[in-house]
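> this one's structure only:
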């Protein structure tokens, strides 16, 4: 069969038939239209040079000071004033200082043995210190919380430590009805009822709302220039302008209250918002109107677009001898799918500015926390591992306590220690993490030290180049538990107080010698059910199973969890096609590994 591909041809806008959608009363008055809502408006808020900005704010420096954040001899952030000297993250610190003699270099905070929190130390050394990003995580959460408070009916998705997607659709509709209350009621003479188009929109004043991207037109002299959109503004343009007002206010508040500048892209979907957020930085926002989408996308190098680079981008460039989005527009959908599989539909749509991805707030509930260190000098003596365990324990203690400030009942089920290299295969040990009143470095390190002894055994020497300590199975307490104290009865607490006189304050309340003394009683807490994180259903023990001793109830609940997990596994197995099918731990079957097909093979790590 001959390929329909005929080589490069002139790209047209004929595929962009949704740039001036008809907005009806139903569209405006409905809040559940999802990604196909023609009034949909998405923004990406991007913090400018975030790590460098965090250090500038911490040190109370003038924004004009050229500053870089250093990690050992490399740079992980470069402020905009420093970039004016030609400094980039590709530079080593010594080369950066040559380009700018007045450069202020701040080494990222680090953990070191004996300290409960990370600090800014002199003479940091990768052999004795571990990098901490805790400051940046905390500041990032402050920004996210400010956005959520400003948009109680919006949706906010944290995309990375310095980026957040915002779905303005619902807040924008609320503003539209507030400003134009006559739109809240369908006119009696509307020809199609709620499916009748809205009346023509009012003029829009884009002043002070940011850079507005308009279509480019070629004049008689052959020069391109931005022109006003043909046919006047649309109601989606009005929605964009309202979102721009809201975004501008949020960015101003972030700057005035936290000291950080941000840039934003505002468009009809996540893909386009991400693209235009970097159009004009720093401290700016860019609005991409629908009719400007073709002219904005056509000249872009498609391999610089997220997901269209790497192996997939190389394959597209080689297959069609193309480099820009406009070049690829002449390749038909049938052709792309014949070469890259049916799932390549999203590639075809991305090239046309279509993205059906939702903005969805990620659960604030962590599933795991990991602290790790690649060791430049291997651990050779088992006794030398304890110092690194305490360093990793300090990081986990800080992160868990930070998380529990907003989620007091958050608690890990398991602590896991993993060591790599020096053994025939990578090895790990894990144990149930005990309930304690105060999570301290000592508590975590004590639990991890036991795992370390199990891991190293009677070995006289070891050869470990990487060590990791993690909490897994992080969950909120079961229904009815208001805080960690909910696990204990008054009698238990009184007994524990008397026992504590001969113990350290933070010793685990559950000990190997008396495992059921301080476990939750079924009469004290409603620990007889759980919420499945996959199907969001509450799964409960049947009547009669919730009676008996606490260990019996806990065992039945654990069995119920396992059976429910097997149910989802069976579903995955039945629905799987070209993906690898996971086999539950403990299964005698070998893991079934299928070769990925179509476009999926371009995203598999070897």
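Ah, there it is. Quick caveat, the model's predicted, so the values are computed rather than measured.
> does residue 432 really touch residue 411, like I thought?
No: the pair residue 432 / residue 411 is not scored as a contact, 11.0 Å apart, by Cβ atoms under 8 Å. Glycine gets a C-beta too; all of them are placed from N, C-alpha and C.
> quick one, which of those two is more surrounded?
residue 411 (21 against 14; other Cβ atoms under 10 Å).
> Give me the distance between the more buried one and residue 391.
23 Å (Cβ to Cβ, to the nearest Å).
> cool, residue 32 as well?
In terms of Cβ to Cβ, residue 32 sits 49 Å off from residue 391.
> same deal with residue 433?
From residue 433 to residue 391 the distance is 18 Å (Cβ to Cβ).
> Same question for residue 347.
With Cβ to Cβ as the criterion, residue 347 and residue 391 are 45 Å apart.
> Mind checking which of those two has more residues around it?
residue 391 (26 against 20).
> Okay, and that one sits in which element?
Residue 391 belongs to helix 385-406 when assigned by DSSP states H and E.
> Name the nearest residue to residue 414, ignoring sequence neighbours.
Spatial nearest neighbour of residue 414, excluding adjacent residues (Cβ to Cβ, 6 or more residues apart in numbering): residue 472 at 4.7 Å.
> contacting residues for that neighbour?
367-368, 412-416, 430 (Cβ atoms under 8 Å, 6 or more residues apart in numbering).
> Could you do residue 412 as well?
Neighbours of residue 412 in contact, by Cβ under 8 Å, 6+ apart: 369, 400, 433, 471-474.
> got it, and residue 279?
211, 213, 265, 286 are the contacts of residue 279 under Cβ under 8 Å, 6+ apart.
> The same query, at a cut-off of 10 Å, please.
210-211, 213, 263, 265, 285-288, 296 (Cβ atoms under 10 Å, 6 or more residues apart in numbering).
> tally of neighbours for residue 442?
A count of nearby residues for residue 442, using other Cβ under 10 Å, gives 18.
> Report the separation between it and residue 397.
Taking Cβ to Cβ, one finds residue 442 at 9 Å from residue 397.
> Identify the contacts common to those two.
residue 116.
> show me where pLDDT drops low in the stretch 151-300 of the chain?
Within the stretch 151-300 of the chain, the stretches falling below the threshold (pLDDT under 70) are 217-230.
> And the strands in it, which stretches?
Here the stretch 151-300 of the chain has its strands, by DSSP state E, counting those that start in this stretch, at 155-160, 163-167, 211-213, 216-218, 224-226, 262-267, 285-288.
> Make JSON lines out of these and add distance to residue 438.
Output for the strands of the stretch 151-300 of the chain, formatted as JSON lines (distance: least, Cβ to Cβ, whole Å):
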{"stretch": "strand 155-160", "distance to residue 438": "29"}
{"stretch": "strand 163-167", "distance to residue 438": "32"}
{"stretch": "strand 211-213", "distance to residue 438": "51"}
{"stretch": "strand 216-218", "distance to residue 438": "62"}
{"stretch": "strand 224-226", "distance to residue 438": "61"}
{"stretch": "strand 262-267", "distance to residue 438": "37"}
{"stretch": "strand 285-288", "distance to residue 438": "44"}
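> Just say which of these is most tucked in.
strand 262-267 (a mean of 28; mean count of other Cβ atoms under 10 Å).
> Direction included, what does that one pair against?
Sheet pairing for strand 262-267, assigned by DSSP bridges, gives strand 42-47 (antiparallel), strand 285-288 (parallel).
> Past the first one, which element shows up next along the chain?
Okay, so that is strand 42-47. Per DSSP H and E, the helix or strand that comes after strand 42-47 is helix 50-59.
> Pull out the buried residues from that following helix.
By 16 or more other Cβ atoms under 10 Å, the buried positions in helix 50-59 come out as 50-56.
> and the residues you listed as a markdown table, adding distance to residue 142?
Below are those laid out as a markdown table (distance: Cβ to Cβ, whole Å):
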| residue | distance to residue 142 |
| --- | --- |
| 50 | 12 |
| 51 | 15 |
| 52 | 17 |
| 53 | 12 |
| 54 | 10 |
| 55 | 15 |
| 56 | 15 |
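> Tell me the one among those residues nearest to residue 420.
The nearest member of the buried residues of helix 50-59 to residue 420, counting by Cβ to Cβ, is residue 51 at 27.5 Å.
> What distance do you get for that closest one to residue 446?
33 Å.
> returning to what we had before: would you mind giving the strands paired with strand 262-267 as CSV with distance to residue 70 added?
Shown next, in CSV, are the strands paired with strand 262-267 (distance: least, Cβ to Cβ, whole Å):
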stretch, distance to residue 70
strand 42-47, 19
strand 285-288, 30
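> Show the end-to-end separation of stretch 80-87, please.
Taking Cα to Cα, to the nearest Å, stretch 80-87 runs 9 Å from one end to the other.
> Grab the two from the contacts of residue 279 that are most spread out in space.
Every pair of the contacts of residue 279 checked by Cβ to Cβ; the farthest is 263 and 296, at 16.6 Å.
> Quick check: neighbours shared by residue 432 and residue 411?
Counting by Cβ under 10 Å, 6+ apart, the residues touching both residue 432 and residue 411 are residue 473.
> Just the helices from the stretch 401-550 of the chain, written as ranges.
441-456, 490-500, 550-575 (DSSP state H, counting those that start in this stretch).
> what's the least confident stretch among the ones you listed?
When those are ranked by mean pLDDT, helix 490-500 comes last with a mean of 42.
> Understood, closing this out.
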